[in-house]
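Chemist: pasting the sequence and the predicted coordinates here, then a few questions.
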Amino acid sequence: MPTRTRRTFPNARRAARTTVLSLSVVCAACSVLLDRGSTQCQSDADCAQFGAHPFCRGGVCAPSGLGPQNCTFGAPREPGDFLNGCSTAECLSFDNCQRLGLCDDASNLTSPLVPPPAASAPAGAVSASDAGSSPPSCANANGGRDKIMVLTGSSNFPPLLSKLAPLLVGTGFVPVFQVTSSCAGVKSMYASSTAGTLVDPAPGSNGRYAAYFQADGTQVPCSLGPQGAVVDVGESDIFASTCGVDTSAGGVGEYLGPIQSMAFVVPGQSHQTAITAEAARAVFGMGGTNASPWTDPSLYFVRNANTGTQQMIGRAIDVPANAFWGTDRGTAANVDALLRVIADPALADRSIGIISTDFYDADRDNLRALAFKAPGQSCAYLPDSTEFKKDKQNVRDGHYPVWGPIHFFAAVADGVPVSPAAQAFVSVVSVPNVPRALLDAFIASSLVPTCAMGVKRDAELGPLSAFQPPFECGCYFEASPSVNGAAPAGCAPCNTANDCGDPARPACNLGYCEVQ
């Protein structure tokens, strides 16, 4: 089989599959259109008899493009209806019966897990001994400790922090970030004072030096000094309760950021396109038992129990985050760097990893996300409506379930952050009506601002419910160059609310008419 180069040519096989899928949806109602000599309908309800959810247009039942065939049509009434709602998004299949031997709706989600072997040290971590001599002092980044903003948390956060840097530097503080983990970010505020103090890595350890971020987003490694530095803001991809932290004592404020999704990924040369919760459980919870082609745990590119990526993925497939098979690769960047270089198609087919979708979006030429089918779902969906888009449509409407908000934590008194640096951070990043510059930073980081979401949840991978943001930005989001580059139908441009003639979309937000 010739080697496929995704950087140069589209994937012809998947493009053909998408075409066949589109034609099958359209042609499901082709017979409806044959009789043009009579009025077929007066409303959409009159067209229901034809199946495939056609619309009534000009007295004729026309195909809507909505699918799959057995999808939930209309407003969701139960949390599970979001997973199976009718959509124009690409719907992929994964046969649990053929692939896993789970037939007649059999499931392995209650089967005992197989304990993995003892975990090894994270692969690819940059140790203090590897880094050479100590870097310059973080305190000199902007004239002293009172002018730097100290943060710690997930390895997924630095790309967003680079985009936020010009806004944060504008407050008079230079952000300094040390990669630890999501749970370490939570505990920097909720646990002991020791957890809230960052120090330089010990020689020979796998710890990482901090880095300060310049106004252009450039990271510069720096030393926290012999006394370390007290954390102003802890960042996490997951809820504090997910890390087992008791939040009842108070004294800590939680501020929510944009929405981040997690994904199963494979090398670009892999032929795999989808995975189910049952298949992923057989891989990461059972070491690949009956889960061909993913039967070699040395080719599982995972994280660890303190990371938001593994915690979220684990909840989606009912595998505790501390029970994953595979090798902890240290950071999201390492997962990407190690998967992307697997060029042999046979080896690529056997490899699989987990990563936040912002890292995947930044390297789509070399990685492929797998569509995910949750329990009770009729087919598998990507985070985006198709593999060629970055619209996060399936995250935004509930078809793709593995997502949650980014969380920021800071010590507070009377509801106000105690440290001036934390006050400055919150004043920029967590505001009700997101200003354009902040919105652009979120979108450019492949994250979804809450003003573009249509669903919400209040717990880690908890039940979904419908959500209408008080200030909507869905049109602006989709029109952004890094998403679709053009607003969808129904998004009328405007300068003021007077330009919005549709009573259903009377608000003028960020240049487009929105509902509110």
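Modeler: That came through fine.
Chemist: roughly how far is stretch 47-61 from the heart of the chain?
Modeler: 36 Å (Cα atoms, centre = their mean, to the nearest Å).
Chemist: and that stretch, which residues are buried?
Modeler: By neighbour count on 16 or more other Cβ atoms under 10 Å, the buried set for stretch 47-61 is 47, 50, 52-56, 60-61. (Each C-beta comes from the backbone N, C-alpha and C, glycine too.)
Chemist: dump the residue contacts of residue 506.
Modeler: 497, 500, 513, 515-516 (Cβ atoms under 8 Å, 6 or more residues apart in numbering).
Chemist: now a ChimeraX select for only the buried ones of those residues.
Modeler: Those of the contacts of residue 506 that count as buried under 16+ other Cβ under 10 Å are selected in ChimeraX with:
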select :500,513
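Chemist: the contacts of residue 506 in strands, which ones?
Modeler: residue 513 (DSSP state E).
Chemist: before we move on, which element is the spatially closest residue to residue 320 that is not a sequence neighbour in?
Modeler: Nearest residue to residue 320 in three dimensions, chain neighbours excluded: residue 314, at 6.0 Å (Cβ to Cβ, 6 or more residues apart in numbering). Using DSSP states H and E, the element containing residue 314 is helix 308-317.
Chemist: and that helix, what does it pack against?
Modeler: In terms of contacts (3 or more Cβ pairs under 8 Å, 6 or more residues apart in numbering; DSSP states H and E), helix 308-317 is packed against strand 252-267, helix 277-284, strand 352-356, strand 403-413.
Chemist: tell me the angle of that helix relative to strand 352-356?
Modeler: Angle of helix 308-317 versus strand 352-356, following axes from the mean of the first three to the mean of the last three Cα atoms, to 10 degrees, is 110 degrees.
Chemist: all helices of this structure, in order?
Modeler: 12-27, 96-100, 158-169, 182-190, 277-284, 308-317, 332-339, 345-349, 357-361, 393-396, 420-429, 436-444, 474-479 (DSSP state H).
Chemist: now these as JSON lines including mean pLDDT, mean neighbour count and distance to residue 324?
Modeler: What follows is the helices of the chain, written out as JSON lines (pLDDT from 0 to 100; neighbours: other Cβ atoms under 10 Å; distance: least, Cβ to Cβ, whole Å):
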{"stretch": "helix 12-27", "mean pLDDT": "39", "mean neighbour count": "13", "distance to residue 324": "29"}
{"stretch": "helix 96-100", "mean pLDDT": "95", "mean neighbour count": "16", "distance to residue 324": "19"}
{"stretch": "helix 158-169", "mean pLDDT": "97", "mean neighbour count": "20", "distance to residue 324": "23"}
{"stretch": "helix 182-190", "mean pLDDT": "95", "mean neighbour count": "27", "distance to residue 324": "15"}
{"stretch": "helix 277-284", "mean pLDDT": "98", "mean neighbour count": "26", "distance to residue 324": "5"}
{"stretch": "helix 308-317", "mean pLDDT": "98", "mean neighbour count": "26", "distance to residue 324": "6"}
{"stretch": "helix 332-339", "mean pLDDT": "96", "mean neighbour count": "22", "distance to residue 324": "13"}
{"stretch": "helix 345-349", "mean pLDDT": "96", "mean neighbour count": "17", "distance to residue 324": "21"}
{"stretch": "helix 357-361", "mean pLDDT": "97", "mean neighbour count": "23", "distance to residue 324": "18"}
{"stretch": "helix 393-396", "mean pLDDT": "98", "mean neighbour count": "25", "distance to residue 324": "23"}
{"stretch": "helix 420-429", "mean pLDDT": "96", "mean neighbour count": "21", "distance to residue 324": "31"}
{"stretch": "helix 436-444", "mean pLDDT": "96", "mean neighbour count": "19", "distance to residue 324": "29"}
{"stretch": "helix 474-479", "mean pLDDT": "97", "mean neighbour count": "23", "distance to residue 324": "33"}
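Chemist: export the ones you listed to JSON lines and tack on distance to residue 379?
Modeler: Shown next, in JSON lines, are those (distance: least, Cβ to Cβ, whole Å):
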{"stretch": "helix 12-27", "distance to residue 379": "10"}
{"stretch": "helix 96-100", "distance to residue 379": "12"}
{"stretch": "helix 158-169", "distance to residue 379": "31"}
{"stretch": "helix 182-190", "distance to residue 379": "30"}
{"stretch": "helix 277-284", "distance to residue 379": "13"}
{"stretch": "helix 308-317", "distance to residue 379": "16"}
{"stretch": "helix 332-339", "distance to residue 379": "25"}
{"stretch": "helix 345-349", "distance to residue 379": "21"}
{"stretch": "helix 357-361", "distance to residue 379": "19"}
{"stretch": "helix 393-396", "distance to residue 379": "11"}
{"stretch": "helix 420-429", "distance to residue 379": "36"}
{"stretch": "helix 436-444", "distance to residue 379": "28"}
{"stretch": "helix 474-479", "distance to residue 379": "23"}
